[in-house]
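A.B. asks: Let me see the structure of the following:
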Amino acid sequence: MASDPSERPQDVVWDAIVVGTGMGGGTLGAALARAGWRVLFVERGRSSLYASDDCIRDALPDDRPDVLKLPEREYVELLARGGRSTDLVEDISGQKPPTFTPFIGSGTGGSTALYGMALERLFASDFAPRADHPAAEGANLPEHWPIDYETLRPWYVAAERLYRVHGSPDPLRPGDADAPLIESPPLTPTNGELFAHLQNKGLHPYQLHIGCEHLPDCQNCQGYLCSRDCKSDAGNRCLRPAIEQHGAGLLTSCTATRLEAEGTAVRRLVCRRGDEEIVLRGRYVVLAAGALVTPILLLNSRSAEFPQGLANSSDQVGRNLMRHCIDMLMVQMNAKEPVRGQIKELAFNDFYHLGGQKLGTFQSFGPLPPIAYFLNQGTGWWLRLLRPLLVYFGEQLKSKGLVVTTIMEDLPYAEHRVLPSATTFDGLRQRIQLNYRLQTYELDRLATFRKAVENVLKPYKLVQLRGASENRAIAHVCGTCRFGDDPRTSVFDKHCRAHDLDNLYVADASFFPSSGGINPSLTIAANALRVAAHLVDRGR
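C.D. replies: Got it, this is the predicted structure:
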């Protein structure tokens, strides 16, 4: 084995090559490394594991007045240094396809380096999704997942311990209190006020389950890299120990471009690192590049033997895209203390099922990005002219309002999908096509959810920050390579192994056959631990 895998990784036959270092890849790869496997992580983004890395921390990289004037290469470099994706997504859902860069992670830790740290379990009912949506016509929704909640329960417990989840039990789920959570600090005044209001309304709030160490003056670092390791992310909880303690290898700034398979096995992973093409070999290959990119890699791996792309005999690769329907509201609280700092604190699930409809969860959100950030997103010249005034009044509004969010389950549809663009790589950025629009069934449930939340928050004044219909809000993307028992309707089996290939696995959120109404991160981590145990049982 090479002492430094970044020098000649192509000379090693790895036990496992893991593409992606986010919640799925980082968690699974570290578990294999702890078991003594020779693991190589392949990460398209940069490293942010150490203070010496050339990263932008404690601030959004694109929160600067001149960002719209930067040449594209400098802008891409700026995003990369902030741990952000540089992909261009072409939204082909409408007549005039807009192009946008998704607000997701790229770099060590993946999106967990930026995430809001909410680590919640799915409900047991989420594993039998069709029963909750009998009237959802056209949805590609299975009767049940190939595993149930009880199968995942011990792995939820292990993931909560690994990521040091803080919070209090959900009163509506007493059966889930099988591992004591770490106690969170007392609620801040604004969250405490809202907590009491919800209780007085007969609801069941609790302290949100969150992977955060709550160090003094912790600012949550939601949306950007943290310099203090407050955040329990896949980089500091899994990837760094795997490298430092268990000898795992890491290639950063290395893009997997295609898989080469023969018969029932992947033989080679072809990557691009700078101007060099690198061909890697491993006994197992685990895809964890995210539910946008994993299917693109499979579809780009066409060959005479696999003309539809790799693992795609079912024609399901890239289909059944889900991204959750996420709205935000700013609640004008009565507390005199300004809203700042550690404010992602409470949740309730009384509306998860309401009036015969399955909806989703309610959480306090945490701080919004600075108002200047929104003014840098390609707005008109007149807004930029008024920028100083808008920034001042925007920050005044933010200091008095508590932002909350609702997350509603969206359903899988075959036509909701991601596809490679005609030019996947343009020499600077990867391009992806996306087709997704809310169906009537989702719009009706969304209206019900919005009304219920507005009613329960009366008499507070609300500022609507609705984003459920906006495809740019794609942070919870999942479902594009679903697992299932039937090879005709799914891509991977219950162990997340490709039906068509004996040594190809998936560990990111693309395996979800339904989205649930809860943040997906903890389920990704729990499943990654489950799949890692399966691989260890299979042996090297």
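A.B. asks: For the residue nearest to Arg81 when sequence neighbours are not counted, give me its contacts.
C.D. replies: Leaving aside its sequence neighbours, Arg81 sits nearest to Ile56 (Cβ to Cβ, 6 or more residues apart in numbering; 4.8 Å). Using the backbone N, CA and C atoms, a C-beta is placed for each residue, glycine as well. For Ile56, the contacting residues are Leu78, Arg81, Gly82, Tyr224, Leu225, by Cβ atoms under 8 Å, 6 or more residues apart in numbering.
A.B. asks: Leaving aside the residues adjacent along the chain, what's closest to the first one?
C.D. replies: In space, not counting the residues next to it along the chain, Leu78 is nearest to Pro61; the distance is 4.8 Å by Cβ to Cβ, 6+ apart.
A.B. asks: Now do the same for the residue nearest to Gly274 when sequence neighbours are not counted: helix, strand or coil?
C.D. replies: Nearest residue to Gly274 in three dimensions, chain neighbours excluded: Ser253, at 7.2 Å (Cβ to Cβ, 6+ apart). Using DSSP: H, G, I helix; E, B strand; the rest coil, the structure places Ser253 in coil.
A.B. asks: Would you agree Ser253 is in contact with Arg273?
C.D. replies: Yes - counting by Cβ atoms under 8 Å, Arg273 is a contact partner of Ser253 at 6.2 Å.
A.B. asks: Could you count how many residues lie near the closest residue to Glu337 other than its chain neighbours?
C.D. replies: Distance criterion Cβ to Cβ, 6+ apart; nearest residue to Glu337, sequence neighbours excluded, is Pro189 at 4.8 Å. Neighbour count of Pro189, defined by other Cβ atoms under 10 Å: 16.
A.B. asks: ok so Gly160 is a helix residue?
C.D. replies: One correction, residue 160 is Glu, not Gly. Yes - when three-state DSSP is applied, Glu160 is found to be in a helix.
A.B. asks: Nearest residue to it in space, please, no chain neighbours.
C.D. replies: Glu160 sits nearest to Ala179 (Cβ to Cβ, 6+ apart), 5.5 Å away.
A.B. asks: Going by secondary structure, the one you found is in what exactly?
C.D. replies: Here Ala179, judged by DSSP states H and E, is contained in no helix and no strand.
A.B. asks: likewise Ala347?
C.D. replies: strand 346-348.
A.B. asks: Can you list the neighbours in contact with that strand?
C.D. replies: Taking Cβ under 8 Å, 6+ apart as the rule, strand 346-348 contacts 118, 120, 170, 187, 191, 194-195, 198, 203-209, 361-364.
A.B. asks: Among those residues, which lie within strands?
C.D. replies: Counting by DSSP state E, those place Tyr206, Gln207, Thr361, Phe362, Gln363, Ser364 in strands.
A.B. asks: what sits against the residue nearest to the spatial centre of the chain?
C.D. replies: By Cα atoms, centre = their mean, the chain has its centre lying nearest to His476, at 4.8 Å. Taking Cβ under 8 Å, 6+ apart, we find His476 in contact with Met322, Arg323, His324, Ile326, Ile407, Ala509, Ser515, Asn519, Pro520.
A.B. asks: from the chain's centre, how far out does the helix or strand harbouring the fourth one sit?
C.D. replies: Secondary-structure assignment from DSSP H and E places Ile326 in strand 325-332. Chain-centre distance of strand 325-332: 19 Å, with Cα atoms, centre = their mean, to the nearest Å.
A.B. asks: At which residues are the strands of the stretch 151-300 of the chain located?
C.D. replies: 206-207, 249-251, 255-262, 265-273, 276-287 (DSSP state E, counting those that start in this stretch).
A.B. asks: Tell me the strands beside the longest one, with direction?
C.D. replies: Just to be clear, that refers to strand 276-287. For strand 276-287, the paired strands and their directions (DSSP bridges) are strand 13-19 (parallel), strand 265-273 (antiparallel), strand 504-506 (parallel).
A.B. asks: residues in contact with it?
C.D. replies: 9-10, 12-20, 25, 28-29, 40, 42, 251, 254, 259, 266-272, 294, 297-298, 481, 503-508, 510, 531, 535, 540.
A.B. asks: Drop anything exposed from those residues.
C.D. replies: Neighbour counting by 16 or more other Cβ atoms under 10 Å classes 9-10, 12, 14-20, 25, 28-29, 40, 42, 251, 254, 259, 266, 268-269, 271-272, 294, 297-298, 481, 503-508, 510, 531, 535 among the contacts of strand 276-287 as buried.
A.B. asks: Could you report the distance from the residue nearest to the centre of the chain to Gly192?
C.D. replies: Noted for His476: a distance of 28 Å to Gly192, by Cβ to Cβ, to the nearest Å.
A.B. asks: Thr255 too?
C.D. replies: In terms of Cβ to Cβ, Thr255 sits 47 Å off from Gly192.
A.B. asks: same deal with Ala289?
C.D. replies: 41 Å.
A.B. asks: before we move on, what about Gln245?
C.D. replies: Gln245 sits 40 Å away from Gly192, taking Cβ to Cβ as the criterion.
A.B. asks: Noted, bye for now.
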